[in-house]
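> My questions are about this predicted structure, shown below with the sequence.
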Amino acid sequence: MIDINIIRTNPELVKENIKKKFQDKKLPLVDEIIELDAKKRALQQEGDKRRADRNILAKQIGALMREKKVEEAEQAKLASKQNNERIAQIEAEMTEVEALLKKHMLSIPNFIADDVPLGKDDSQNVEWNVYGKPEEKPFKVPYHLDILENLNGIDLDAARRTSGNGFYYLTGDIARLHSAVLTYARDFMIDKGFTYCIPPYMIRSDVVSGVMSFEEMEGMMYKIEGEDLYLIGTSEHSMIGRFMNTIMDENALPQTLTSYSPCFRKEKGAHGIEERGIYRIHQFEKQEMIVICKPEESNLWYEKMWQYTVELFVSMQIPVRTLVCCSGDLADLKHKSLDVEAWSPRQKKYFEVGSCSNLTDAQARRLGIRYKNSQTGKNEFAHTLNNTVVAPPRMLIAFLENHLQADGSVYIPEVLRPYMGGKEYILPKTK
């Protein structure tokens, strides 16, 4: 959510930003917000005056009754009754206007950064850099599910029986590898100075509406029936929500946190759930990082955060590239975003394994996350950022394809061996 003062003073700037995000259908909302805001302030002004008049009338009625001016007192009582009725009407109108105003404000996208490339969708994202040398295998790389099954590491059939499509059982050394990567990522981020957290896996609706847009919520979140609770789609949701309606001391910033959680997603829309494979699923686990900082520090943290993910993948000998997201591929809250993509030897192309985003103060405004500026003494909105450290099972796909050997075994890079009991290879099942 952007500052409403910008809409009041420079609506054309807001409209231009909406056009850059190719969301022209939202352009009328700007004028509607201006009208609703003016109506709200007029109602507020009238309400304040009538509440003051109520006190004056009460005193007048008391004085007239003491002076036994009954007729005049009755007239004052009638005026007081009419005034109170109007106050009630104003309060009802205010509730309606504020609700609609908030709904429209939540739909206005955050301002994109000046260096964000303009484009309608992810096909117009721009490659930024490549890290590690992609290598072609001297043999045909099987589909990731075939690799997993050959390693006796997955059971999709049983998962379909217990849970349906979009779920899986990982077993044996593959399950251990899955946990090893998450644990390594946890320690990697702790070594970078981040504080490790395990957050709640369910959050209330006011947190959900604070951390994402309505469109994202509808396509992602699972609602707990009969409860004001949603399963998280990423730990960023509950991690940022932890600071909801707080005013932090400036010295407490930046907050640099890394969190583990399972993640639950509907995956509605064009992509849907895979019938065969684990690229797009309903449940997975992830190591995340978030930063809450002062506005002048957010760009610096943005650069640090995506570089940490790149460094992690390179340390596991997985080639990656970074892709700058264009304007049309940015969710409403994002100021700028960069995807990290891993190399797929099978497909001979890169695919997304993580995303880093700077949301400036848009998310903080929704959630009321502020800090006290030591120089001005004023409470100001903080900036929030989030980034994927690593998210199996997509990471597993990249890992298996890049470290698959001709004999069907999978090589374990040195950094992961302490988490794998010293193993150098995962061996295929014997026939």
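Cool, the structure landed.
> Return the list of helices and strands in contact with the helix ranked longest in the chain.
For the chain, the helix with the greatest residue count under DSSP state H is helix 27-66. Helices and strands touching helix 27-66, by 3 or more Cβ pairs under 8 Å, 6 or more residues apart in numbering; DSSP states H and E, are helix 4-9, helix 11-20, helix 70-107. Where C-beta positions appear, they are placed from N, C-alpha and C, glycine not excepted.
> Between these, which one is closest to residue 376.
With Cβ to Cβ, the closest approach to residue 376 among those belongs to helix 4-9: 16.6 Å.
> Buried residues, that closest one. List them.
Within helix 4-9, the residues that count as buried by 16 or more other Cβ atoms under 10 Å are residue 7.
> Touching, residue 396 and residue 180? I think so.
No: assessed by Cβ atoms under 8 Å, residue 396 is found out of contact with residue 180, at 10.8 Å.
> quick one, which of these two is more surrounded?
The neighbour comparison of residue 396 against residue 180 (other Cβ atoms under 10 Å) goes to residue 396, with 24 against 21.
> In terms of helices and strands, where is that one?
helix 394-403 (DSSP states H and E).
> Distance from the helix or strand residue 387 falls within to the middle of the chain?
Using DSSP H and E, residue 387 falls within strand 383-390. Between the centre of strand 383-390 and the centre of its chain there are 9 Å (Cα atoms, centre = their mean, to the nearest Å).
> and if you look at stretch 98-117?
On the basis of Cα atoms, centre = their mean, stretch 98-117 sits 15 Å off its chain's mean C-alpha point.
> List the contacts of it.
Outside stretch 98-117, the residues that touch it by Cβ atoms under 8 Å, 6 or more residues apart in numbering are 1-2, 4, 7, 14, 17-18, 20-21, 23, 26, 29-30, 32-33, 36-37, 40, 124-126, 209, 213-214, 324-327, 330, 332-336, 358-360, 362, 366.
> Put the buried members of those into a PyMOL selection.
What follows is the PyMOL syntax selecting those of the contacts of stretch 98-117 that are buried according to 16+ other Cβ under 10 Å:
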select buried, resi 1+2+7+14+17+18+20+21+23+26+29+30+33+36+37+40+125+209+213+324+325+326+327+330+332+333+334+335+336+358+359+360+362+366
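> so after the helix-or-strand element of the chain with minimal mean pLDDT, what's the next helix or strand?
The weakest-scoring helix or strand in the chain, judged by mean pLDDT, DSSP states H and E, is helix 214-220 (a mean of 72). Per DSSP H and E, the first helix or strand lying C-terminal to helix 214-220 is strand 222-223.
> Return the list of helices and strands in contact with that following strand.
Contact partners of strand 222-223 among helices and strands, from 3+ Cβ pairs under 8 Å, 6+ apart: strand 230-231.
> What strands flank the strand it packs on, and is each parallel or antiparallel?
Strand 230-231 pairs in its sheet with strand 202-203 (antiparallel), strand 222-223 (antiparallel), by DSSP bridges.
> who touches that strand?
The contact list for strand 230-231, computed with Cβ under 8 Å, 6+ apart, reads 201-205, 208, 221-224, 264.
> gap between that strand and the chain center?
With Cα atoms, centre = their mean, you get 14 Å for strand 230-231.
> In JSON lines, list the contacts of strand 230-231 along with distance to residue 68.
As requested, the contacts of strand 230-231 are exported to JSON lines (distance: Cβ to Cβ, whole Å):
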{"residue": "201", "distance to residue 68": "70"}
{"residue": "202", "distance to residue 68": "65"}
{"residue": "203", "distance to residue 68": "62"}
{"residue": "204", "distance to residue 68": "57"}
{"residue": "205", "distance to residue 68": "57"}
{"residue": "208", "distance to residue 68": "61"}
{"residue": "221", "distance to residue 68": "66"}
{"residue": "222", "distance to residue 68": "69"}
{"residue": "223", "distance to residue 68": "64"}
{"residue": "224", "distance to residue 68": "64"}
{"residue": "264", "distance to residue 68": "72"}
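> so where's the protein uncertain?
214-215, 268-275, 431 (pLDDT under 70).
> hmm, 50 instead?
270 (pLDDT under 50).
> looking at it, which residue lies furthest from center?
Centroid-distance maximum for the chain: residue 68 at 66.4 Å, with Cα atoms, centre = their mean.
> Regarding that one, which helix or strand does it belong to?
Under the criterion DSSP H and E, no helix or strand holds residue 68.
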